[in-house]
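> dropping the sequence and predicted coords here.
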Amino acid sequence: MQLGPFSKETPVFLAPMAGVTDLPMRQLAVRHGADVAVGEMMASDLSLSDSRKSMLRVQHSKEAGLRAIQLVGNNPATLAAAARYNVQLGAEVIDINMGCPAKKVCKKAAGSALLGDPELVKTLLTAVTEAVSVPVTLKIRTGVSPDQRNGVEIARIAESCGIAMLTVHGRTRADKFNGSAEYKTLRDIVASVNIPVIANGDITTAEKAKYVLAYTGADGVMIGRAAQGRLWLPGAIARALRYGDDHAPTLEERYTIMRDHIQQVQAFYGPVMGYKIARKHAGWFFEAELGEAYLPIKRAFNSLDCTDAQDDFLDTKENTLIDMMSRLHEKSVGRMAA
């Protein structure tokens, strides 16, 4: 699959997630094998571009790979201006968000709310593709609601407007993140267009990725919430798809990756915000790796009020936490073998 300067067979993407896929996470995800790590969703209102949050979100490095920026908005001129601005800053791909179901986004008639207005979708996409020379991609859901799965219509509009790649989450706007993703509509979308389509939604293992690719005919997969606390996962899935290597990092390697991530977050955000931002990433790791036992550990970590205290905690608890991870892993293997 070709996307601007990027070329890879069956690519595995790290999904853009606001407040999650910041520069430290993108750098480490790519280092550990993700093919592309898309930047956090950013508002298209350039009056906000000088805010500290916006300035941190546009930061990039060569280690983070392809520079793909995601924008959200509902005004054609504003969205086009934001696309031009980010290309001037070095963006190699502009991704338009029409998939976010969050209330604060949809109440502004943006994100997945746009799926209910195909004419506006066409106007917005045309404005952006005509404004920049880099590839413009689009992320959507399968439709407005289970009774209005208009993903095929939106996909055809996107292709006609010059969209270079489409990512489809297997839920509707109304579904939010409830229930399970469905892939029939995604399969119909793949069959209806001649541009690459990336499958997204509930892809948590290499086995699931293989199933979704085989069932839908999609060109690649995008990993979202499953990578929270497990930023190595997109790379592990990529290796499994490409080389048949189904081996995840060892428990010790996972802990080391987490430690590296926490330290990079602390350094990136500085002493005032760094330890606060680190809490959620550590919390996701504890939840993913410790199962039901994670909550006391998370609470203890969250009570720490500086980076030094966090580092000391992770140093002194390393053997204990890896032992807890090992016991949970053994139980999981035992249940699978039973």
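Received it, and whenever you're ready, just let me know what you need. Residues are numbered from 1 along each chain as shown.
> in stretch 83-103, what counts as buried?
83-87, 91-101 (16 or more other CB atoms under 10 Å). Where C-beta positions appear, they are placed from N, C-alpha and C, glycine not excepted.
> avg pLDDT for that stretch?
For stretch 83-103, mean pLDDT rounds to 89.
> next one: that stretch to chain centre, how far?
13 Å (CA atoms, centre = their mean, to the nearest Å).
> swap in stretch 2-13?
For stretch 2-13, the distance to the chain centre is 16 Å (CA atoms, centre = their mean).
> is Ala37 bridged to anything, and to what?
Applying DSSP bridges to Ala37 yields these beta-bridge partners: Leu14.
> now the strands for this protein?
Counting by DSSP state E, the chain has strands at residues 2-3, 6-7, 12-14, 36-37, 41-43, 68-72, 93-98, 136-141, 165-169, 197-200, 220-223.
> what mean pLDDT does the first one get?
Confidence for strand 2-3, expressed as mean pLDDT, is 86.
> parallel or antiparallel, list what pairs with that strand.
When DSSP bridges is applied, strand 2-3 pairs with strand 6-7 (antiparallel).
> contacts for the strand it pairs with, please.
1, 35-36, 66, 92-93 (CB atoms under 8 Å, 6 or more residues apart in numbering).
> and if you look at stretch 279-298?
Under CB under 8 Å, 6+ apart, the answer for stretch 279-298 is 19, 25, 228-230, 251, 254, 258, 261-262, 265, 301-302, 310, 314, 317, 321, 324-325, 328.
> select only the buried ones of these in PyMOL?
Entered in PyMOL, the line below selects the buried ones among these, by 16+ other CB under 10 Å:
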select buried, resi 25+228+229+230+251+254+258+261+262+265+301+302+310+314+321+324+325+328
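> in helices only, show me the contacts of stretch 279-298.
Of these, the ones assigned to helices by DSSP state H are 25, 251, 254, 258, 261-262, 265, 301-302, 310, 314, 321, 324-325, 328.
> and which of these is nearest Ala214?
Arg254 (28.3 Å; CB to CB).
> ok, and the closest non-adjacent residue to Ile96?
Excluding its sequence neighbours, the residue lying closest to Ile96 (CB to CB, 6 or more residues apart in numbering) is Leu138, at 5.0 Å.
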